[in-house]
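A.B. asks: fold the following for me, if possible:
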Amino acid sequence: MNEPWGISGPEFLLYFGLALAALLVLRIAGPPLLSRRRPLGASADDGSPPQDVYELAYLAGGADRAVDTAIATLLESHRLRVNSSGRITSAGKTPKAPRLERSVHLAAKGAGATTAQVRKSTHVAPALRAIESNLKRRGLLSTGDGAGGLRKGIAVAYAAVLVIGIVRLVNGAELHRPVGGLIGLLLLALVLTIITFATRNGGKRRRPTKAGYAMVARARAEAKSIEEGDDAVVASSGRTFQYASAAGIVALAGIAFYPDDELSTALLSAPISSGWSSGASGGGSSSSGGSSCGGGSSCSSGSSCGGGGSSCGGGGGCGG
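C.D. replies: Predicted coordinates:
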């Protein structure tokens, strides 16, 4: 046989192309299939409520939502202020508990910080890790989709196919065989290998388990019932926090639904790097310049959650 490796050039190109195509199909279809088959932690919902509003916020919108909810809580207790440019500053004594409220208050001390800076503060990170750890331990939060090993295996396979192609290219060039088609496939293999290695850890995102999703769905349903005045739900839902409070609204719907348009607008005017916007302040003047927004209104007993831009119902609110 005069063919390199006993395989003709066209045959090698066919096998090489089929290998790339098979790996591409596996890379696209494999992770979703594994994710569907993998049990996402606890699948049974025992009906227990979240331990506090920050757990609910984390399940509903991630770490940034939990920080935003702590800001909303500190607003109503007048322990945060925000100026017209959206800069948050601490006021009053630093709360001893819960840990996330204390961390947010510390992050806004001194010259203050924007919402994005508070979210990324080193003060806040340990409190968020504690919430995440507790949710994982109770089967409410999952890290990854079970496809990390598959992605890494595919990346290694792409690298192996690329190396084989390079060796074949060198051998063919030495034998003065046409290699133009192989060069094209090698460039494609190189691109696919780089992309696969760059995204091999893409499945490590945090997400609620089935029980976590069920907890959030139940909280939203209870919040909507409270908004509609269901006395039975109102009587049974005051476990650890009121879903209809400002903190509950932010936890379930985001800071854009904070029940005070002036405060929400002030906070949303600050530069936001990513994620949800954040909430702001109680009364008093701001130490960081600009006019201070004060007196955040609460959507609790005696006031309706349905009015204005802070509805708990439709349009992305707690119940919608």
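A.B. asks: what's the burial count for the closest residue to residue 212 other than its chain neighbours?
C.D. replies: Leaving aside its chain neighbours, residue 212 sits nearest to residue 140 (3.9 Å; criterion: C-beta to C-beta, 6 or more residues apart in numbering). For glycine as for every other residue, the C-beta is placed from the backbone atoms N, C-alpha and C. Neighbour count for residue 140, taken as other C-beta atoms under 10 Å: 26.
A.B. asks: check the one 10 residues further on too.
C.D. replies: For residue 150, the count of nearby residues is 18 (other C-beta under 10 Å).
A.B. asks: do you know the pLDDT at the most centrally placed residue in the chain?
C.D. replies: Closest to where the C-alpha atoms of the chain average out (C-alpha atoms, centre = their mean) is residue 62, at 4.3 Å. Per-residue pLDDT puts residue 62 at 91.
A.B. asks: against which helices or strands is the helix or strand in which it is found packed?
C.D. replies: Assigned by DSSP states H and E, residue 62 falls within helix 53-76. Packed against helix 53-76 by the contact rule (3 or more C-beta pairs under 8 Å, 6 or more residues apart in numbering; DSSP states H and E) you find helix 99-107, helix 115-119, helix 124-137, helix 210-227, helix 246-253.
A.B. asks: list the contacts of the first one.
C.D. replies: Contacts of helix 99-107 with the rest of the structure, by C-beta atoms under 8 Å, 6 or more residues apart in numbering, involve 54, 66-67, 70-71, 73-74, 79-80, 90, 94-96, 113, 117-118, 121, 123-124, 126-128, 130-131.
A.B. asks: change it to 6 Å
C.D. replies: Contacts to helix 99-107, defined as C-beta atoms under 6 Å, 6 or more residues apart in numbering, come from residues 54, 70-71, 73-74, 79, 90, 94-95, 113, 118, 121, 123-124, 127.
A.B. asks: and those residues, which are buried?
C.D. replies: 54, 70-71, 73-74, 79, 90, 95, 113, 118, 121, 123-124, 127 (16 or more other C-beta atoms under 10 Å).
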